[in-house]
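J.: need a 3D model of the sequence below.
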Amino acid sequence: MGRRPRRRGRPVDGVILLDKPTGITSNDALQKVKRIFFAEKAGHTGALDPLATGMLPICFGEATKFSQYLLDSDKRYRVIAKLGERTNTSDSDGEVVETREVKVDRGTLERSIASFRGETDQIPSMFSALKYQGKPLYEYAREGIEVPRESRKITVYSIELLRFEGDEVEMEVHCSKGTYIRTIVDDLGELLGCGAHVIYLRRTGVSGYPYEKMVTLEQLETLLETAREQEIQPRELLDPLLLPTDTAVQDLPEVNLIPVVASYALNGQAVNAPNLPAEGTQVRLSRGEQREFIGVAEINAEGMVAPKRVIAFRQTAE
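T.: The predicted structure is shown next:
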């Protein structure tokens, strides 16, 4: 008789907003949460540096199909920069490569910070996860190799000075996807003529997710332990923390389909529906009066709803 395949997790769908602690990578945090939930499939939606803390949405099961929409969404950060020192990673995890005197007044600082607002071109840090010829940039950087990097369009919707004390500058930043806060701080230091690096970074927002819904690893581990002590299934305490799968695409306009039409869309067929938005618009699909989320589609050149990613509904719930 052959061996029965080892069970590698349970099917579970939804999004958990992890408050990532400092000192671990985003992938380490993901693996810990995946084990706590005993989830079959999980993925995070945009890495935070080991130094950084804060909101790290983790998608389970069917929600992983829509994680790209969170990767593409706006982000909010709280950052503290230390003036007078430049490091090789632009944060306090790196080595100090240059020290300069700080001669900065508040007016100069405010004007310099204001210059980062709006659309600009940003050259990614060598200590980023972007890839060059299939290899992350930070691996080249650790080997002392600098490779060519193309500048990228980013938008800083707002950047506000919260505190300026001694050689520390605390700011709040609302920016588009792909923005490197470390690079902004390094550029600010050069603009001020003294150098700077990040000593604290916290992501406070992703898309429209509420800050107060974040949970820590310690909270999740405590719930897991409580379930064991009470001899109940951990999912009874953990799953209520999950946000619905469609929260990953909550900013898209909704198109509601009657059940018979929805069944065709779930099979990947383009369908007609009344009052559709313009060609090229991405939409969130729902089914029936219950407005059950079934996937994401795009309005094609024929003015029809063309499914892009759809939910695979299970026959029975565990």
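
J.: how near is residue 108 to residue 195?
T.: In this view, residue 108 and residue 195 are 15 Å apart by CB to CB, to the nearest Å. Bear in mind the C-beta positions are built from the backbone N, C-alpha and C, glycine included.

J.: tell me which of the two has more neighbours.
T.: residue 195 (24 against 13; other CB atoms under 10 Å).

J.: mind listing what the more buried one touches?
T.: Listed by CB atoms under 8 Å, 6 or more residues apart in numbering, the contact partners of residue 195 are 83, 84, 85, 86, 98, 99, 100, 189.

J.: one more: residue 161?
T.: Counted by CB under 8 Å, 6+ apart, residue 161 has contacts 109, 110, 113, 169, 170, 171.

J.: give me the mean pLDDT for the strand of greatest length in the chain.
T.: For the chain, the strand that runs over the most residues, judged by DSSP state E, is strand 152-165. Averaged across strand 152-165, the pLDDT comes to 96.

J.: one more: stretch 128-148?
T.: Stretch 128-148 comes out at a mean pLDDT of 80.

J.: now do the same end-to-end measure for it.
T.: Its first and final residues considered, stretch 128-148 spans 13 Å by CA to CA, to the nearest Å.

J.: and the contacts of it?
T.: 47, 88, 89, 124, 125, 126, 127, 149, 180.

J.: give me the buried positions along it.
T.: 128, 132, 137, 138, 140, 141 (16 or more other CB atoms under 10 Å).

J.: tell me the one of the residues you listed nearest residue 297?
T.: Using CB to CB, residue 128 is the member of those that lies nearest residue 297, at 32.7 Å.

J.: so how far is residue 310 from that closest one?
T.: In terms of CB to CB, residue 128 sits 33 Å off from residue 310.

J.: number of nearby residues for the closest residue to residue 93 other than its chain neighbours?
T.: Spatial nearest neighbour of residue 93, excluding adjacent residues (CB to CB, 6 or more residues apart in numbering): residue 51 at 5.4 Å. Using other CB under 10 Å, residue 51 is surrounded by 17 other residues.

J.: go ahead and confirm residue 51 touches residue 22.
T.: Yes. If you go by CB atoms under 8 Å, residue 51 and residue 22 touch, sitting 6.0 Å apart.
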